[in-house]
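1. let me see the structure of the following:
(one chain, ligands or ions: 1)
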Amino acid sequence: MTEPLLLVECLHKSFGGLSATDSVSLQVSHGSIHAIIGPNGAGKTTLLSQLFGQLRPDSGRIVFNGTDVTHASTSARVRLGMARSFQITSLCLNLSVLENVLLASQLRRGGWTGFWRRATASRDAVEQSETVLAQIGLLERRRDVVEQLSHGEQRQLEVAVALALDPLLLLLDEPLAGLGPDEATKMIALLKNLKGSVSMLLIEHDIEAVFSLADGITVLDFGRVIASGPADEIRGHPDVRKAYLGHEEDEHA
Ligand SMILES: Nc1ncnc2c1ncn2[C@@H]1O[C@H](COP(=O)(O)OP(=O)(O)OP(=O)(O)O)[C@@H](O)[C@H]1O
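-> Numbers count the residues shown, from 1 in each chain. All right, here's what the predicted structure looks like:
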């Protein structure tokens with residue numbers, strides 16, 4: 001059997017007496033989109049932060065692309081091919097669209113040293129950044145200062161910045177949060193477009209978007225996995241229908 005890109009086993013994290021992540025196990029296969037859903041406070045963000053090395057699990061194991069990263073730093077995980085796009089804007093608003101992507105691209109190429117001297121002059125870095133901007137639909141805006149972009153375009157740029165790290169796995173924290181219907185539709189199309197070139201693990205509250213995007217879904221409640229599997233299976237799961245889709249099981253009997 002092919003090894004999954006991400007393997008999470010029995011991950012546990014408590015805050016005082018509260019189990020925010022309670023024995024969570026899941027797998028993300030190469031080339032797939034996997035979604036984590038669940039009500040507010042279910043432990044989705046806590047899980048993502050442990051996967052990216054920003055929070056240390058109390059116990060359990062995280063294996064990424066064959067390497068045990070349970071105790072690895074965030075920067076080590078980035079070097080191994082993980083990137084995270086944040087729900088809260090983390091862009092340099094007074095730099096151009098291209099400069100924001102170049103910053104990330106430069107990190108991938110060996111750190112910050114000499115960025116201002118070399119990165120803007122490096123043809124490779126500019127070409128790679130422009131390819132990413134084209135993928136994400138922002139090439140036309142590359143010279144604009146970020147604060148001139150709409151909220152939806154800024155969210156697209158956050159994804160582009162994460163992609164500039166050339167990840168194997170992109171962790172997305174509520175990619176549709178705060179987007180209007182048109183912007184959300186655009187973001188869903190962009191993420192679908194990326195499928196195949198990068199694997200994704202996303203947290204998202206918009207259930208219909210999740211079902212249209214995800215191959216696999218893990219449902220959390222009070223830190224525990226209540227269901228996990230292919231999207232079609234999860235859509236039909238009685239607990240999920242009841243809790244998230246507003247259907248009682250017998251309504252459709
Ligand atoms: N640093 C912390 N200290 C104490 N408790 C925390 C901390 N971070 C999260 N929690 C608690 O852990 C639980 C899970 O929180 P988490 O933010 O992971 O949930 P979530 O599913 O991402 O929620 P939401 O959908 O509202 O973002 C919540 O009860 C939260 O209050």
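
2. for the rest of this, base every contact and every neighbour count on C-alpha atoms.
-> Will do.

3. which strands and helices lie in contact with the helix or strand hosting residue 35?
-> In the assignment (DSSP states H and E), residue 35 maps to strand 33-37. For strand 33-37, the elements it packs on are strand 199-203, helix 207-213, strand 216-221, judged by 3 or more C-alpha pairs under 8 Å, 6 or more residues apart in numbering; DSSP states H and E.

4. tell me how far residue 69 lies from residue 7.
-> According to C-alpha to C-alpha, to the nearest Å, residue 69 stands 10 Å off from residue 7.

5. what do the two both touch?
-> Jointly contacting residue 69 and residue 7 under the rule C-alpha atoms under 8 Å, 6 or more residues apart in numbering are 61-63.

6. those into JSON lines, with extra columns for neighbour count, pLDDT and secondary structure?
-> As requested, these are exported to JSON lines (neighbours: other C-alpha atoms under 10 Å; pLDDT from 0 to 100; DSSP: H, G, I helix; E, B strand; the rest coil):
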{"residue": "61", "neighbour count": "20", "pLDDT": "98", "secondary structure": "strand"}
{"residue": "62", "neighbour count": "27", "pLDDT": "98", "secondary structure": "strand"}
{"residue": "63", "neighbour count": "17", "pLDDT": "98", "secondary structure": "strand"}
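
7. what about the helices in the protein?
-> 44-51, 74-80, 97-108, 115-118, 123-135, 151-163, 181-194, 207-213, 231-235, 238-240 (DSSP state H).

8. let me have the ones you listed in a markdown table, adding mean pLDDT and distance to the ligand as columns.
-> Shown next, in a markdown table, are the helices of the chain (pLDDT from 0 to 100; distance: least, C-alpha to the nearest ligand atom, whole Å):
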| stretch | mean pLDDT | distance to the ligand |
| --- | --- | --- |
| helix 44-51 | 96 | 4 |
| helix 74-80 | 93 | 17 |
| helix 97-108 | 86 | 26 |
| helix 115-118 | 49 | 34 |
| helix 123-135 | 91 | 28 |
| helix 151-163 | 92 | 17 |
| helix 181-194 | 93 | 18 |
| helix 207-213 | 92 | 13 |
| helix 231-235 | 91 | 18 |
| helix 238-240 | 80 | 15 |
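
9. mean neighbour count for those - can I get that in JSON lines?
-> Shown next, in JSON lines, are these (neighbours: other C-alpha atoms under 10 Å):
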{"stretch": "helix 44-51", "mean neighbour count": "22"}
{"stretch": "helix 74-80", "mean neighbour count": "17"}
{"stretch": "helix 97-108", "mean neighbour count": "23"}
{"stretch": "helix 115-118", "mean neighbour count": "12"}
{"stretch": "helix 123-135", "mean neighbour count": "18"}
{"stretch": "helix 151-163", "mean neighbour count": "24"}
{"stretch": "helix 181-194", "mean neighbour count": "16"}
{"stretch": "helix 207-213", "mean neighbour count": "16"}
{"stretch": "helix 231-235", "mean neighbour count": "16"}
{"stretch": "helix 238-240", "mean neighbour count": "18"}
